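1. sequence plus the predicted model coming up.
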Amino acid sequence: MVGGKRGLQVARKWPFVGPVASSVLLLLAMIGLLGCGSGSTIDSIPSSSGEMTFAPTTTSSLAGTISTPAVDMTSLTSSPPTTGGQSYPVLRELPLFSLKDLALIEVWGSEANRVSSSRLRLISPAAEPEEAQDLLSAYGRIILDPNSGYPVYAMERPVIYNVVFRLLDGREVMALLGAPGQPSSVGYVAEGIVDKSSAMPHSYCAAPELISTAQQLLDKWPPAVDATSSLPIEMPQDFSLIAAYGVTMKNMLDTFSGTFTKDLIGAVPSTATTGLALTQAELHNIYRGLRDMEILSYPSEFQPKSESSVQPHESYLLYFRANGVTKQIHWEDGTMSAEPQANSLRAWFERVKQLIEAKAEYKALPAAEGGYE
């Protein structure tokens with residue numbers, strides 16, 4: 001790694017060194033002798049102004065070969081945060097994966113807890129391949145700072161968007177995207193990492209394109225639907241859904257892709273995904289239940305009234321497409337409301353859960369370990 005205090009001192013003393021060093025390092029980058037990121041070759045270069053930048057480079061990503069512009073990384077390296085505890089291992093290369101490796105992508109706003117986010121968007125590659133590919137392409141343009149890890153729990157700056165890539169094999173890549181002028185960070189959870197709070201490789205990064213893509217995907221989300229409209233009596237051909245449930249909503253039926261993901265709670269990895277296709281009769285029954293409860297009349301953020309409070313509690317997210325209409329409903333069932341709409345939606349999810357758990361594919365999944373408190 002070229003840079004640091006010594007490099008900055010050299011740059012101040014001999015200003016001509018910066019351009020020469022830039023040319024040399026770019027040449028080395030092209031032949032792959034320096035590197036970090038997703039198969040990329042990136043290194044820091046002391047400029048004549050003494051500021052730390054990352055050189056332009058060519059990054060091999062899922063969308064093909066991408067030219068990455070120079071990015072000012074001064075804010076990422078000048079004052080790394082203090083954790084007061086064990087330092088994190090540093091993520092030095094972005095894990096590579098493709099669309100076919102993905103179970104789901106989760107995008108939400110500034111909330112630390114995705115379950116409480118009213119703008120959580122679940123993107124199934126089978127349902128929204130263009131949106132998923134846009135996120136993957138933006139992910140491929142991330143520029144890492146291989147000098148500094150950044151702990152998830154010690155964020156000392158605002159996070160405006162969260163993006164999590166959940167892979168079919170249980171791995172996770174998490175990007176916490178900073179506000180303009182602030183650093184972002186990216187972390188990687190792989191099988192075998194038991195203590196995610198202290199062992200997850202993490203690094204500062206610059207991710208402007210991922211930030212703009214997340215912003216576009218969450219703009220005007222969830223979609224507005226006419227609450228007075230109704231679903232057709234017969235199930236439309238385009239009917240498919242994502243039904244997520246559980247304390248963390250990691251149990252997830254995705255009929256777009258024909259998969260089910262199970263929350264393994266304390267196990268490593270923390271989820272397991274299997275192929276699970278419903279029959280036409282089963283889909284008809286699920287659809288009929290939604291139509292009968294007049295699901296289009298539910299608000300996107302469902303908050304039925306109740307005087308009680310329950311912890312931990314079930315949370316639900318339903319996203320479906322039917323007859324050209326897209327609808328999402330999010331509900332944290334922390335009050336055990338007895339209102340008719342609450343009873344109907346809770347009962348619908350229970351029927352879906354029973355249907356899934358009766359299938360051989362579900363029974364073949366690993367058992368969950370531990371529980372939620």
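-> Cool, got the structure.
2. now the residue positioned nearest the centre of the chain: which helix or strand?
-> Nearest residue to the geometric centre of the chain (CA atoms, centre = their mean): Val164, 1.5 Å. Assigned by DSSP states H and E, Val164 falls within strand 159-167.
3. partners of that strand, with directions?
-> strand 102-108 (antiparallel), strand 172-178 (antiparallel) (DSSP bridges).
4. pLDDT on that strand, on average?
-> In this model, strand 159-167 carries a mean pLDDT of 93.
5. follow-up on the earlier one: for Gln216, see how far away the residue nearest to the centre of the chain is.
-> 17 Å (CB to CB, to the nearest Å). No exception for glycine: its C-beta is placed from N, CA and C like everyone else's.
6. go on, Lys262?
-> Distance of Lys262 to Gln216, computed by CB to CB: 31 Å.
7. ok, these two, which is more surrounded?
-> Lys262 (23 against 12; other CB atoms under 10 Å).
8. could I get the pLDDT score of that one?
-> pLDDT at Lys262 comes out at 95.
9. what segments of this protein are helices?
-> In the chain, the helices defined using DSSP state H lie at 4-13, 17-30, 74-77, 129-140, 196-199, 208-218, 280-292, 340-357, 360-363.
10. which of the ones you listed has the lowest average pLDDT?
-> Going by mean pLDDT, the lowest-scoring of those is helix 4-13, which has a mean of 34.
11. closest to His330 out of the strands paired with strand 159-167?
-> Closest to His330 of these is strand 102-108 (CB to CB; 10.3 Å).
12. so what touches that closest one?
-> For strand 102-108, the external contacting residues (CB atoms under 8 Å, 6 or more residues apart in numbering) are 114, 117, 119-125, 132, 135-136, 161-168, 214, 217-218, 252, 254, 257, 259, 261, 271, 273.
13. again, only using 7 Å
-> 114, 117, 119-125, 132, 135, 161-168, 214, 217-218, 252, 259, 261, 273 (CB atoms under 7 Å, 6 or more residues apart in numbering).
14. which residues touch Arg288?
-> Under the criterion of CB under 7 Å, 6+ apart, the contact list for Arg288 is empty.
15. how about the nearest residue to Asp226, chain neighbours excluded?
-> Leu296 (7.1 Å; CB to CB, 6 or more residues apart in numbering).
16. could you check the pLDDT of that neighbour?
-> The confidence metric pLDDT takes the value 96 at Leu296.
17. what would the strands paired with strand 159-167 look like in JSON lines with mean neighbour count, distance to Ala364 and mean pLDDT?
-> JSON lines is the format used below for the strands paired with strand 159-167 (neighbours: other CB atoms under 10 Å; distance: least, CB to CB, whole Å; pLDDT from 0 to 100):
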{"stretch": "strand 102-108", "mean neighbour count": "23", "distance to Ala364": "17", "mean pLDDT": "95"}
{"stretch": "strand 172-178", "mean neighbour count": "23", "distance to Ala364": "22", "mean pLDDT": "90"}
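18. for Pro89, which of those strands is the nearest?
-> Taking CB to CB as the criterion, Pro89 comes closest to strand 172-178 out of those, the separation being 14.5 Å.
19. could you dump the closest one to CSV, C-alpha only?
-> Output of strand 172-178 as CSV, limited to C-alpha atoms (Å, rounded to 0.1, in the frame of the first residue of the first chain):
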residue,chain,number,x,y,z
GLU,A,172,-24.3,-12.0,3.5
VAL,A,173,-22.7,-8.8,2.3
MET,A,174,-23.8,-5.7,4.1
ALA,A,175,-23.3,-2.1,3.0
LEU,A,176,-24.0,0.8,5.4
LEU,A,177,-24.2,3.9,3.2
GLY,A,178,-23.2,7.2,4.6
